[in-house]
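**Student:** Mind looking at a prediction? Sequence and model below.
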Amino acid sequence: MVKKIRLLGMEIDNFTLREEMVQSESFYDNQELNIIRTVSIGMLSMAADSQVVRDAICQADLLVVGDREILTEAGIYSAQRLREAREHGFMREFLNGRIRSQSRFFLVAQNKKEMEAFLEFLKTKYEKLSVVGSYFKEVCGDDHDTMINEINAAAPDIILSVLPSPQEDAILLSEKAKISARVWYSLGPDYQNTEKKQSFIVWFRQLIHKGRFKNVIHSYEERNG
């Protein structure tokens, strides 16, 4: 199986779930912060016009495909890989594994409303997850030092982020060296969409994103073909 796929001039990891888990386990032997990014069609659509988003994607130590359309656009039709992407298999295995290892988590979201939704999701799906702190980015604005001080004081093993691009990208590109944790795991905006049944609004929004993503890919290929 091809381990790297190329879209929009960028290389994206195409590991199986087992391979993703093996690679993520190696991060705990490192002293520096390791970045795991869930790559969505929305993020890639932004990357077509944003160097910040492109640089942040390239910066990541492990890229996890979060939308099956990314795979099919790259010519990957493995039923196993499509299912892993659709069901967010890595997120489930990673969080359950780290819960068993008694890892300490710090949560980061854009605002109070998004944090409440994130906490409700974790309480429902991962009730034994140990949260040692949380932070809303809107509190500090562009003053990242306040957020970083909160993170470092809590001394987490893993930071779970649901920040959107490009806000999250800017933080990681400029502040990575200041953050004391083993892993920053960006779950992406669609972390809750793991159920087979979805509301019409969610389904329609995803349909729009998919159409936009295809247009971005085709426009890029025409310009650079």
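**Tutor:** Structure's in. What do you need?
**Student:** Contact partners for A117?
**Tutor:** Q192 (C-beta atoms under 8 Å, 6 or more residues apart in numbering). Quick note: C-beta positions are derived from backbone N, CA and C, even for glycine.
**Student:** typed the wrong thing, it's G97
**Tutor:** Here G97 is in contact with M21 (C-beta under 8 Å, 6+ apart).
**Student:** For this protein, which segments are assigned as helices?
**Tutor:** 17-26, 41-47, 51-59, 68-73, 79-86, 89-100, 112-125, 137-140, 144-154, 167-175, 200-224 (DSSP state H).
**Student:** quick one, which of those helices is packed in tightest?
**Tutor:** Counting by mean count of other C-beta atoms under 10 Å, helix 41-47 has the highest mean neighbour count of these, with a mean of 23.
**Student:** where does the chain have low pLDDT?
**Tutor:** 193-211, 221-222, 225 (pLDDT under 70).
**Student:** Redo the helices of the chain as TSV? Include distance to L7.
**Tutor:** Listed next are these as TSV, based on distance: least, C-beta to C-beta, whole Å:
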stretch	distance to L7
helix 17-26	18
helix 41-47	6
helix 51-59	10
helix 68-73	6
helix 79-86	14
helix 89-100	19
helix 112-125	28
helix 137-140	28
helix 144-154	29
helix 167-175	17
helix 200-224	7
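**Student:** Can you tell me which of those is nearest to Y185?
**Tutor:** Among those, the nearest to Y185 by C-beta to C-beta is helix 89-100 (7.1 Å).
**Student:** what's the angle from that closest one to helix 79-86?
**Tutor:** 70 degrees (axes from the mean of the first three to the mean of the last three C-alpha atoms, to 10 degrees).
**Student:** thinking P189 is in contact with L163, fair?
**Tutor:** No. Using C-beta atoms under 8 Å, P189 makes no contact with L163, being 9.2 Å away.
**Student:** The two: which has the busier surroundings?
**Tutor:** Neighbours were counted for P189 and for L163 using other C-beta atoms under 10 Å; L163 has more, 21 against 18.
**Student:** Next, the contact list for the more buried one, please.
**Tutor:** L163 touches V108, A109, Q110, K137, I171, S186, counting by C-beta under 8 Å, 6+ apart.
**Student:** so which of the helices of the chain comes closest to G9?
**Tutor:** Nearest of the helices of the chain (C-beta to C-beta): helix 200-224, 6.9 Å.
**Student:** Report the spatially closest residue to I41, excluding sequence-adjacent ones.
**Tutor:** Among residues not flanking I41 along the chain, F213 sits closest, at 3.9 Å (C-beta to C-beta, 6 or more residues apart in numbering).
**Student:** any idea how far L44 is from the one you found?
**Tutor:** 7 Å (C-beta to C-beta, to the nearest Å).
**Student:** Mind listing the residues bridging to the closest residue to G75 other than its chain neighbours?
**Tutor:** Closest residue in space to G75, ignoring its immediate chain neighbours: I5 at 7.9 Å, by C-beta to C-beta, 6+ apart. Counting by DSSP bridges, I5 forms beta bridges with I12.
**Student:** Can you give me the neighbour number for I5?
**Tutor:** 18.
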